[in-house]
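Q: Got a predicted structure here, sequence first:
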Amino acid sequence: MKKLLLVSLCILMLCVTQTFAQNRTITGTVTAKEDGLPIPGVSVTVPGTTIGSQTNGDGKFSINVPQNATSLQFSFIGYGTVTSPIGANGVVNATLSSDMRDLAEVVVTANQIRREKRSLGYAATTVQGEDLVKGGNPSALNSLVGRIPGANITTTSNAPGASTRVVFRGGSSINGNNNALIVVDGIPIDNSSVVGGASSLTSIDFGNRGNDIDPDDIENVTALIGPAAAALYGSRASNGALQITTKSGQKGKAQVSFSTSNIFSSILKLPDLQNEYGQGYYTATDDDGNITEYYNDPVENWSWGAPFTGEMQEWGQSIGGVRQMKPYSAQPDNVRNFFKLNNKYNGYGFTQGDVPNKYGYYGSYSLNPYFVLKNFSNNNNVERITGNVNLTYKPASWLNITERIGIDTYSDRRRLIVPKYNYTPADDAGNYALAQTSNGSYQIDQLGVTELVHDLMVTGTHKFNEDFQGSLMLGNNIRQRSTNTNRTATNASTGLVVPGWYNLQNSNGPINIVQDFISRRRLFALYADLNLSYKNMLFLEATARNDWSSTLPINNNSFFYPSVSTSFVFSEVLKPNDWFSYGKIRGSIAQVGQDTDPYQLLTTFSRGTVLANFGSTTFPFGSVAALMASTTLGNPNLKPEQTTSYEIGTEMAFFNNRLNLDLTFYKNISKNQILPIPTPNSTGYSFSVVNAGRVDNKGLQLALRGTVVKTKDFNWDLYGNFTRNISKVVELMPGVDQFVIGGFNGMSIVAAVGKPLGEFYAVTNATDDQGRTIVDSGSGLPVATSEAQYLGSYQPKYIAALGTTVNYKGFTFDVMFDIKQGNKFYSRTKDIMAFVGTSAETGGPRFGQPFPNSVYLDDDGNSVVNSGANAVNYLKQDYFPDLNPGVNIVDGSYVKVRTASLSYQFKKSQFKGLPFNALTVGVFGNNLFIWTAKENKYVDPEINSAGATNEQGFDFTAMPSIRNYGFNVKVNF
Amino acid sequence: MSKKYIFNPKQLLLVIIIAAAGLTGCKKFLDINQNPNNPDSADPNLLLPTTQAAVSQIVGNAFQIYGSFWAQYWTQNPTSSQYRSIDQYNPAATAFDRPWLILYRNALINADLIIKSPQTDIDHTKGIAYIMKAYAYQLTTDAFGDVPLKEALQPTLYTSPKFDSQQSVYDSIFKYIDLGLGLVQSGTSVAVGNQDMIFKGNMDSWVAFANTLKLRAYLRIANVDAAKAQAGIEALYATSPTFLNADATITYTTTGGNENPLYNEMASPTLNKVQNIVASSTSVDTMYDNNDLRVEKLYDIFLTDTASEGNRIRSIAQGTYNNTLHTGKQVSPPSPLVGGRANNQASATAPVKLISKAESKFLQAEAAARGWGNGSAPSLYAEGIAASFTALGLTTGQADAYILQPVVAYPEGASLDEQMEAIITQKWYAMNGFQGFEAWTEWRRTGYPNFLVQSAASTQGAGRMPLRMTYPNSEAVSNLNYPGTVSLFTPVWWDTIHD
């Protein structure tokens, strides 16, 4: 590689020696019509010749022209081309105008190449920085929700630091990453989401690294939704790319802007509760199945006890032989009401001091939440540097050489703390048998990633004649990614020696090396990009790329993939009129190959560890060391994955650009996916790595924007978008029709043939052909299905957003709703609240009624409606604490007020005499309100316990999502 | 080179192409895919401890729990809930995923890799691997019936191994034992030493272990194929075999991860030292009836309690965890001596017995009683009982007093069936706390002891008792040759008395 870098440097140095022998020098300045500021980088040419130059950072240029030259042509992307005559004084100033927005809108495409939107043969959406900060969300990715047609953005909890998953067009990788590639100023950056915790059930969301960027630093974001748009990025962009361009210094007078915000947060959605029954459970029923006796059990955290009567009743623990009395009724705040009773508990619910190390109040099984809050912690500290160097040289007007080297490196250090404690019951009447005890643990996770990216791009442009021009770019990309992961913990079974000392030195027994892993991968690529345009109305782009990857078998590590796209601006032919302003159709076909993770080819050995259900035997055992065969059988014959995408679309503008439409249809086919397919353990291995599987995604995406009213003082814009994606797993491999992506509590998330990617699969209540629940004719309880059932997908049927902006004099009001419909999620919140009998669905009559809308089967297997005189009643307490996992699948549809803001910009006259240029005050909010499906009485369906991974739609009693709102003041000096 | 050629576009392109294509070092640049984290080969002597620890993990934890519940030594504690499904005879479809995985993926594959190693000077290691493989396959087939063997452990050849009949699995077990016996007696082998966690490289002990295992395996098929069993055992005795005269155990320590597997399981953060296992009346009541001093060694005593029918061990009837009589009452847990007391760290050092000395004696007693082996059945029977007493810290004198009782004394001169009842029933008492799976398995083979009751928590039909473990869900969903689910109540091939 050094050789290549050397050669490219040589080219640059040789070029420096270039001189021109021309006759006359013309100078001048090029400025923009809108703001009068100079424009750097404007191409200045002499028509009919190959002579050219460009403006410097101050917009000034100098060009040697032949004596016979009469005019200069100024062109710059995004602006109309201007030809000016050369005057006698040798000075030519030009003013470029960009007022025709749609004609000249510039898009930052793959490899940071700026191109006019009209020339693109694929969909690309640009979101401006000011739209990102409207809702005051600290996450740049969260702020994109509702602003990109074709994207499914899931915000986990909307808390600062939480994960955000950005998936374009449904996602196609069964096992790999489906998140869009994030590119900052041309350099792809790492967007890992490494979820903490031992399993899905104890997961800790440490966020995804793509969220590290501050939305205030962003100039704009361009979403390159399809593989065609991102083909030049190669393998990693098979999921599309988010191109973030950061703000950089502008020419002109120095400006300082100061902005301050205060943000408040509150929980967006809490579960609905029953307020009719107290603690305990029923102990006896009469012959008709009616409950006749309850046991007020102070130990179990069950609310299946007697109905509230309001009478004074003994309650809680017995301390010193005395139990407290309080009215038997729902309390607005049980904790506060309990502590008001002037008993011996301190504010944490622990009797420390005179009676140390006791627990109580919260029952046998629950730790005191205040204790948890105070003593358990998961911290992480990310230190990250990203940067790049761009070197551009233009040895001739038609030739551009760009070298870009970027680095992205970070370390993520996490400390996971579980306290050591041993609390015995405060109760002295023997109600509580169990001690609450833990050996404690302390774990350090250190994750490091370093990515180096190099791109050398040589672009030649050529004008064949006035109408027909083209460019060819040849490029080379080299990428290296190194990772290291080190997880070390105190001894897994014996924990800490000294309570409260969180250091590995305090391990009780050998330190537990949970993971020690380094990896390195390299990729070498050559690519070419050919652009042709005819009369600025017909465009053709073709790309080709060949990758050589270190992760594939060394003799079979090369793979090639092409793309072609075209666009036709038909309004150039149709001639725009009063109602029709602009029209374009486009189409593309693209292929993207993808390599795999490092070290998939060989089967290896690991340290001897025999994992039981909960415990383990681990080596070294005394002085005995051991190895064992690894879980996964490697595959020395892996091939790259391949995604092919087809897309057609149109962009149109009506009524003098007051109504804009952008519509795209697409289809993506992902084949040869590299999967660790589960193998029977009787082979000696649990997984084998294979090429298998095909996932198709097809759909449409639509964006509309219109200006309803436009006057001097009053402006009203409406905007919206709609995305419909149909995902389907077409095949896996012969004999395998299902692949488990994730799972927990008897619920699996699978890729199943014929179903969308990410389908829930579990046993649920059996129903008859009319959808009525089948109950047991004896107990009246629903019967479980004999096999697991497909229960819907986390993929929404459609995603939409609708927003409006109103400007009146200095006031600006902006609100955006976003909508997801038809997705499912698994709610463990529902499950656990049903178990303890606190959710609203467990309220109402708890006996003497049949299961709603149910039937039982007679001897011949026919449904008999379970109601009226024949009804078989059921007891809610016998049903809800043991729900079939499928019953906890809940409709995840929602409508949210994603962002809203109201601001006022003071007129200059209003703050005369103050040293401000501008003053704006405003209120803002994000994630403000939610409307969910009727059956979702539990949580915000966006929350997810597995971060930004493929295991989505999984609420394992996850932290509730929050709304944020605040006010800000912004001053420019 | 004149200046004007410097910018010749053709030449420039050429330079770039040469730069890119001329990268002869490219191959080297990309040749970095060797995994630095894990070795891609392993010394067979390093694989042996994993095999042994895996077998011990099964015998000492998962199979110990299921076996001890179904042999009715233990039952579910009313104040907790972890093992209710075992007493309900209603294990989840995934209940046996983990044991199956440990058997095939931890025990058998590593034994097989040792056997297939091209290394030539490790006969002793390979011999132990064969014997461990035989032992592990017997565990597997006794639990599940027909299991993959011939096509198992060859992932590149057979991605879906066929299930072999239990009969042919037993044939392979005998073959593996013979191969193992030959290798451990080889004269040319480097010493295994402490990498052998069971006998520390003592090959005489491995010969005894292999002989005892062979006797156990032939006796297992004595009902279904008496001729073969008799021939095999007679052939064994013709070699003047040595049998185990000490427990074959792995000794555990209090070091985290090196503890007794059952204790390690209970002390895991998930189970958090909650006592799920308590004494079953099936065992406790009969032991008190027999004045068996072992009962107060095997279970923890509640000294303060005198209400429980005068017994110092408070037990509950099998599967009565839901009975309101027991609500809020403490029940005796198994003692730390057997690794069953969750919140006593002494449980960590309880041994796991792959074959106990007592079992060895009872096996010999049965062979003698059947007339297939040498020795005196009554004295081997007494030695078996004595071995069990001394293993619990009791004296041979106390054992002698116990045997003198008419209800325990060996029925000399009685029918074979009566002798079998005495031998197997006493073997059942002797295996309490250590060999739950083997005790349940021998009950399946012989029907003794004949006083096991159906668990009160059974959700199945009247009179039904578990006769096998059900195939794991993981195999059902991944193996194309999966033979279909077999009910918990279907006897295995050698079980001729539960048809």
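A: Okay, I see it.
Q: so which residue of the stretch 701-850 of chain A comes closest to chain B?
A: Closest residue of the stretch 701-850 of chain A to chain B, CB to the nearest CB: residue A:735 (4.9 Å). Where you see a C-beta, it was placed from the backbone N, CA and C, and this is true even at glycine.
Q: Any idea what residue A:774 is bridged to?
A: Taking DSSP bridges as the rule, residue A:774 bridges to residue A:855.
Q: Repeat that for residue A:45.
A: Bridge pairing for residue A:45 - DSSP bridges - gives residue A:52, residue A:73.
Q: Next up, the contacts around it.
A: A:51-53, A:72-73, A:75, A:397 (CB atoms under 8 Å, 6 or more residues apart in numbering or on different chains).
Q: Need the per-residue pLDDT for it.
A: Listed pLDDT for residue A:45 reads 82.
Q: again with residue A:427
A: Residue A:427 is assigned 72 on the pLDDT scale.
Q: Tell me, how many residues neighbour it?
A: Neighbour count for residue A:427, taken as other CB atoms under 10 Å in any protein chain shown: 21.
Q: returning to what we had before: want to throw the contacts of residue A:45 into JSON lines with neighbour count?
A: Shown next, in JSON lines, are these (neighbours: other CB atoms under 10 Å in any protein chain shown):
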{"residue": "A:51", "neighbour count": "19"}
{"residue": "A:52", "neighbour count": "18"}
{"residue": "A:53", "neighbour count": "20"}
{"residue": "A:72", "neighbour count": "24"}
{"residue": "A:73", "neighbour count": "16"}
{"residue": "A:75", "neighbour count": "16"}
{"residue": "A:397", "neighbour count": "18"}
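Q: which residue sits closest to residue A:600, ignoring its sequence neighbours?
A: Setting aside the residues directly before and after it, residue A:600 is nearest to residue A:689 in space (CB to CB, 6 or more residues apart in numbering or on different chains), at 5.0 Å.
Q: tell me what the strand or helix carrying that neighbour is packed against?
A: Assigned by DSSP states H and E, residue A:689 falls within strand A:687-691. Judged by 3 or more CB pairs under 8 Å, 6 or more residues apart in numbering or on different chains; DSSP states H and E, strand A:687-691 is in contact with strand A:632-633, strand A:674-678.
Q: ok and that strand relative to strand A:674-678, angle-wise?
A: If you take axes from the mean of the first three to the mean of the last three CA atoms, to 10 degrees, strand A:687-691 sits at 140 degrees to strand A:674-678.
Q: residue nearest the centroid of the chain?
A: As the question left the chain open, I've gone with chain A. Closest to where the C-alpha atoms of chain A average out (CA atoms, centre = their mean) is residue A:165, at 1.2 Å.
Q: The intended chain is chain B.
A: Note: chain B centre (CA atoms, centre = their mean) maps to residue B:59, 2.7 Å.
Q: secondary structure class for it?
A: At residue B:59 the chain is in helix, as set by DSSP: H, G, I helix; E, B strand; the rest coil.
Q: Which helix or strand contains the closest residue to the residue of the stretch 701-850 of chain A closest to chain B other than its chain neighbours?
A: Nearest residue to residue A:735, sequence neighbours excluded (CB to CB, 6+ apart): residue B:480, at 4.9 Å. Residue B:480 is part of no helix or strand, with elements assigned from DSSP H and E.
Q: Now for residue B:480: which residues touch it?
A: Counting by CB under 8 Å, 6+ apart, residue B:480 touches A:735, B:159-160.
Q: Then residue A:197?
A: Counting by CB under 8 Å, 6+ apart, residue A:197 has contacts A:203-204.
Q: and the gap between it and residue A:508?
A: The spacing between residue A:197 and residue A:508, counted by CB to CB, to the nearest Å, is 22 Å.
Q: about what we covered before: roughly how far out does the strand holding residue A:689 sit from the chain middle?
A: In terms of CA atoms, centre = their mean, to the nearest Å, the centre of strand A:687-691 is found 27 Å from the chain centre.
Q: what about the helices in the stretch 301-450 of chain A?
A: A:334-339, A:369-375 (DSSP state H, counting those that start in this stretch).
Q: Repeat that for the stretch 101-250 of chain A.
A: Using DSSP H, counting those that start in this stretch, the helices found in the stretch 101-250 of chain A span residues A:101-104, A:129-132, A:227-230.
Q: repeat for the stretch 701-850 of chain A
A: A:828-836.
Q: got the residues of it near chain B?
A: Within the stretch 701-850 of chain A, the positions near chain B by CB under 8 Å from any CB of the partner chain are A:735, A:738.
Q: Walk me through the domains of chain B.
A: Residue ranges for the domains of chain B, per automatic domain parsing: B:47-255+B:350-452, B:269-349.
Q: circling back to that earlier point, the residue nearest to the centre of chain A and chain B, how far apart?
A: 28 Å (CB to the nearest CB, to the nearest Å).
Q: Between the contacts of residue A:45, which sits nearest chain B?
A: For the contacts of residue A:45, the nearest to chain B is residue A:397 (11.4 Å; CB to the nearest CB).
Q: Correct me if wrong: that closest one contacts residue A:46.
A: No. Contact criterion CB atoms under 8 Å: residue A:397 and residue A:46 do not qualify, at 9.3 Å.
Q: if I look at those two, which residues touch both of them?
A: Joint contacts of residue A:397 and residue A:46 (CB under 8 Å, 6+ apart) are residue A:52.
Q: and the residue nearest to residue A:600, what pLDDT?
A: At residue A:689, pLDDT is 88.
Q: For the stretch 201-350 of chain A, list the residues in contact with chain B, please.
A: residue A:283.
Q: contacting residues for residue B:114?
A: Residue B:114 touches B:44, B:47-48, B:51, B:122, B:125-126, B:129, counting by CB under 8 Å, 6+ apart.
Q: Throw the residues you listed into TSV and include pLDDT, thanks.
A: Formatted as TSV, the contacts of residue B:114 follow (pLDDT from 0 to 100):
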residue	pLDDT
B:44	95
B:47	97
B:48	97
B:51	97
B:122	94
B:125	96
B:126	97
B:129	97
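Q: Could you identify the most distant pair in those residues?
A: Greatest spatial distance among the contacts of residue B:114 (CB to CB): B:51 and B:122, at 13.8 Å.
Q: of these two, who's got more company?
A: Taking neighbours as other CB under 10 Å, residue B:51 and residue B:122 compare with residue B:51 leading, 29 against 23.
Q: what about residue B:390, neighbour count?
A: Count around residue B:390 with other CB under 10 Å applied: 15.
Q: got the residue ranges for the strands in the stretch 151-300 of chain B?
A: B:163-164, B:248-250, B:277-279 (DSSP state E, counting those that start in this stretch).
Q: if you compare the ones you listed, which one is most tucked away?
A: Comparing those by mean neighbour count (mean count of other CB atoms under 10 Å in any protein chain shown), strand B:277-279 comes out on top with a mean of 27.
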